[in-house]
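S.K.: After the sequence you'll find the predicted model.
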Amino acid sequence: MTSAEVDSAATRPPREEAAASGAPHRARDQARARDGSLAPRGLVRRPSFVVGVCLLVGWVVVAVFWPWLAPADPMAQNPSLRLLGPSGGHLFGTDQFGRDVLSRVMAGARPVLEVAPLATALAVAAGSLLGLVCGMRRGLVDEIVMRVVDMFAVFPSLVAAVVVVALAGRSTTTLVLVIATFSTPMVTRSVRAAALVEREKPYVEAARLRGEPFWSLLWREVLPNVSGTVLVEATSGLGNAIFAASTLSFLGLGQAPGSPEWGASVADNRVFLQQCWWTVLFPALAVGSLVVGIALIADNLREQATRR
Amino acid sequence: MLRFLTRRLVTILVTMLAVSLLVFIATELIPGDVARVVLGREASQASVDALRHQLRLDEPLAPRYLHWLGGFVTGDWGRSYTLGVDVRPLVVERLLNSATLALLSFVLLVPVALTLGLAAGLREGRLTDRILSVTGLSLAAVPEFVTGVVLLVIFSVRLHWLPSSAQAPPGAGPLTRIQHLLLPALCLVLLCTGYVARHVRASTVAVLASPFIRAMRVRGLSETRLVRGHVLRNSLVPATGALAVQLQFLLAGLVTVELLFGYQGIGDLLLSSATSKDVPALQASAIVLGAVGMGIYVIADLVYALLDPRVRVGRARA
């Protein structure tokens, strides 16, 4: 280990530092708090964070295990049970085809929790890479990428997404790609801003002086130090992706017709609102609780990351 | 400032060209034939071919695009494939409808967001502040169709206070029209309030912590006069930027809200022309909506510069 690397260890993320030295957990948490990235202990004490995590975890469990949890088959039609109000037999009532609304709401968690995380992962990966390269390299590449980011930023993205999905034809792949494309510029911008701060720090100069290759510098030195920004972007990006996916689904641009997606359920039952509000309200509340949960998590993470 | 504005306008022009080109190329890639989609499955091949020729679909892409672009710039926006009317008056009419809805939302949004933000900022860290912040944040994350449905169930289905459709009957007076527009507007306001209020709160907290406020307190200025005369004005400037960002959301929200409340606006036109592959109407509505969205940023920058003489060119790169 060269002396330059010892220098840079101080600014490296505490995770590696602690793992390398075998430091106990307490030291690790303190190091994280000092670093301003992540202090799990502080977060757990915040009620809004805990509520957010419970909502998100709850929906993930439902999305994975709904075939075992749902009281009925979400697709099974039963004409004799049409439009029943909420009762002991059907907690959320039944819809126009006699399908159990509770089961449909549970099954509807899966499509949105497949599309949104996938799109967010793509956007975070692409955005982090672009942001790091632009922030560290500057120059012509940075100039071009940022102009394109500007173009995305000034154009209302939902308008563009509606046009693209409607013209390209609805499919899960299209949805994922479109949402990922429109989320990437925001990640790029934030990660670039964080990288611009990092590039002035001594450890970057040390790495440069000892001749560390550019990509290794990005991957091993800078990326861990902007991980707080990346995490915040990933969480708020997930919330935006769910917003976009369920809105597109509501607009009739989601996955296959007849699927229990929340947005599509609201749109399909909209005309029955006056007679049977339960077919519309429960899927809507499902979307609401999921996005609020994620927003609460994102807000707490952001506050944690900005408090230095 | 002038250089900055020029750059913004160039970005906008380039974006518009990119968008129109994108729509054009996308229509080329549509699975199936536009003419076939317009005429339906049963139409004869001859009539499909005739329509293809009439719509210039049998020509290559580049001359067709240039022809369309020339027409668009000179005010000939073409005819709608599905509605059979000229696109320009159609878009203008829909845009005016949407503008009414957007204006009502904006008029409600500004005082509500400012009051809430100021209230939270003046009580920083206390329970009021926390409740306002968490509520605003949560509402900002919820898609419009969700808040819309909840509002509809409460105010229309249960209480019967407000109509569930945004479209007032023809010939209705302005009061009836506003009554019909109230729920959709509220829906948009709820989405945008949290974010704007958050910015107002943050700047209020910052202003309250600045030395000149302390100096005035020491001199014995009353709290009311302090807030009204000094805090308010200083904390409003940063809110302009937040409002511009939110107007963008409001614009995109029009698509959802107009569908949910059955309103004949530009968002509805965009969605219906996109799903029915009505290329001229789609082109025009996407470009007009985009232009309005991007124009908002330019106006916000001008307002910002008017309110705050310290604004310099460098701010653009923030």
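M.R.: All right, it came through fine.

S.K.: Show me which residues of the stretch 1-150 of chain B are close to chain A?
M.R.: Taking Cβ under 8 Å from any Cβ of the partner chain as the contact definition, the stretch 1-150 of chain B meets chain A at B:11-12, B:14-15, B:18-19, B:22-23, B:26-27, B:29-31, B:134, B:137-138, B:140-147, B:149-150. All C-beta atoms are positioned from the backbone trio N, CA, C, and that covers glycine.

S.K.: Filter those residues down to the buried ones.
M.R.: Buried members of the residues of the stretch 1-150 of chain B next to chain A, scored by 16 or more other Cβ atoms under 10 Å in any protein chain shown, are B:11-12, B:15, B:19, B:23, B:26-27, B:134, B:137-138, B:140-147, B:149-150.

S.K.: number of nearby residues for the residue in the stretch 201-308 of chain A positioned nearest to chain B?
M.R.: Per Cβ to the nearest Cβ, A:A295 is where the stretch 201-308 of chain A lies closest to chain B, at 3.6 Å. Number of residues near A:A295 (other Cβ atoms under 10 Å in any protein chain shown) recorded here: 28.

S.K.: surely it meets A:G52?
M.R.: Yes: the criterion here is Cβ atoms under 8 Å, and A:A295 meets it with A:G52 at 7.3 Å.

S.K.: on that earlier part again, give me the subset of the residues of the stretch 1-150 of chain B next to chain A lying in helices.
M.R.: B:11-12, B:14-15, B:18-19, B:22-23, B:26-27, B:29, B:134, B:137-138, B:140-141, B:144-147, B:149-150 (DSSP state H).

S.K.: what's the helix or strand for A:V112?
M.R.: A:V112 is part of helix A:109-137 when elements are defined by DSSP states H and E.

S.K.: what packs against the strand or helix carrying B:V200?
M.R.: Following DSSP H and E, one finds B:V200 within helix B:174-208. If you count contacts as 3 or more Cβ pairs under 8 Å, 6 or more residues apart in numbering or on different chains; DSSP states H and E, helix B:174-208 packs onto helix B:87-122, helix B:127-141, helix B:144-151, helix B:232-260.

S.K.: between that helix and helix B:87-122, how many degrees?
M.R.: Helix B:174-208 and helix B:87-122 are oriented at 40 degrees to each other (axes from the mean of the first three to the mean of the last three Cα atoms, to 10 degrees).

S.K.: could you give the angle of helix B:174-208 to helix B:232-260?
M.R.: Going by the same axes, to 10 degrees, helix B:174-208 makes 140 degrees with helix B:232-260.

S.K.: any idea how far the following helix or strand past helix B:174-208 is from the chain center?
M.R.: Proceeding N to C from helix B:174-208, the next assigned helix or strand is helix B:211-218, under DSSP H and E. When C-alpha coordinates are averaged (Cα atoms, centre = their mean, to the nearest Å), helix B:211-218 and its chain have centres 40 Å apart.

S.K.: Show me what helix B:211-218 is packed against.
M.R.: Judged by 3+ Cβ pairs under 8 Å, 6+ apart, the packing partners of helix B:211-218 are helix B:223-226.

S.K.: What is the distance between the helix it packs on and the centre of its chain?
M.R.: Counting by Cα atoms, centre = their mean, helix B:223-226 comes out at 36 Å from the chain centroid.

S.K.: for stretch A:69-89, same thing?
M.R.: 32 Å.

S.K.: Around A:G211, count how many other residues there are.
M.R.: Neighbours around A:G211, by other Cβ under 10 Å: 7.

S.K.: nope, B:L190 is what I meant
M.R.: Neighbour number of B:L190 under other Cβ under 10 Å is 23.

S.K.: which ones are touching the residue nearest in space to the middle of chain A?
M.R.: Nearest to the centroid of the C-alpha atoms of chain A, with distances taken as Cα atoms, centre = their mean, sits A:L238, at 1.5 Å. By Cβ atoms under 8 Å, 6 or more residues apart in numbering or on different chains, the residues touching A:L238 are A:116-117, A:120, A:294, A:298.

S.K.: With B:L109 instead?
M.R.: Shown in contact with B:L109 (Cβ under 8 Å, 6+ apart): B:188-189, B:192-193, B:196, B:243, B:246, B:250.

S.K.: again, only using 7 Å
M.R.: B:189, B:192-193, B:196 (Cβ atoms under 7 Å, 6 or more residues apart in numbering or on different chains).

S.K.: Hmm, A:V154 is touching B:Y297, no?
M.R.: Yes: contact status for A:V154 versus B:Y297: in contact at 5.7 Å, counting by Cβ atoms under 7 Å.

S.K.: could you check whether the helix or strand containing A:G58 is close to chain B?
M.R.: Assigned by DSSP H and E, A:G58 falls within helix A:47-69. Yes: counting by Cβ under 7 Å from any Cβ of the partner chain, chain B has neighbours in helix A:47-69: A:S48.

S.K.: can you count the residues close to residue 131?
M.R.: Using chain A here. 30.

S.K.: if you could check chain B rather than the one you did, that'd help
M.R.: Neighbours around B:I131, by other Cβ under 10 Å: 11.

S.K.: Kindly report the residues of the stretch 151-300 of chain A close to chain B.
M.R.: A:151, A:154-156, A:158-159, A:162-164, A:166-169, A:239, A:243, A:246-247, A:250-252, A:263, A:266, A:270, A:273-274, A:277, A:280-281, A:284, A:287-288, A:291-292, A:294-295, A:299.

S.K.: Apply 6 Å and report the result again.
M.R.: By the rule Cβ under 6 Å from any Cβ of the partner chain, the part of the stretch 151-300 of chain A lying against chain B is A:151, A:154-156, A:158-159, A:162-163, A:166-167, A:169, A:239, A:243, A:246-247, A:250-251, A:266, A:274, A:277, A:280-281, A:284, A:287-288, A:291-292, A:295, A:299.

S.K.: next SSE after the helix or strand of chain B with the lowest mean pLDDT?
M.R.: The helix or strand of chain B with the lowest confidence, counting by mean pLDDT, DSSP states H and E, is helix B:34-39 at a mean of 70. Next in sequence after helix B:34-39, counting helices and strands by DSSP H and E, comes helix B:45-54.

S.K.: And the next helix or strand past that next one?
M.R.: Toward the C-terminus, helix B:45-54 is succeeded by helix B:61-73 as the next helix or strand (DSSP H and E).

S.K.: give me the low-pLDDT residue ranges for the chain?
M.R.: Went with chain A since none was named. Confidence mapping of chain A against pLDDT under 70 gives the ranges A:1-41, A:307-308.

S.K.: I was thinking of chain B, sorry if that wasn't clear
M.R.: B:1, B:27-34, B:36-38, B:41, B:308-318.

S.K.: tell me the domain ranges of it?
M.R.: Using automatic domain parsing, the domain parsing of chain B gives B:2-73, B:87-317.
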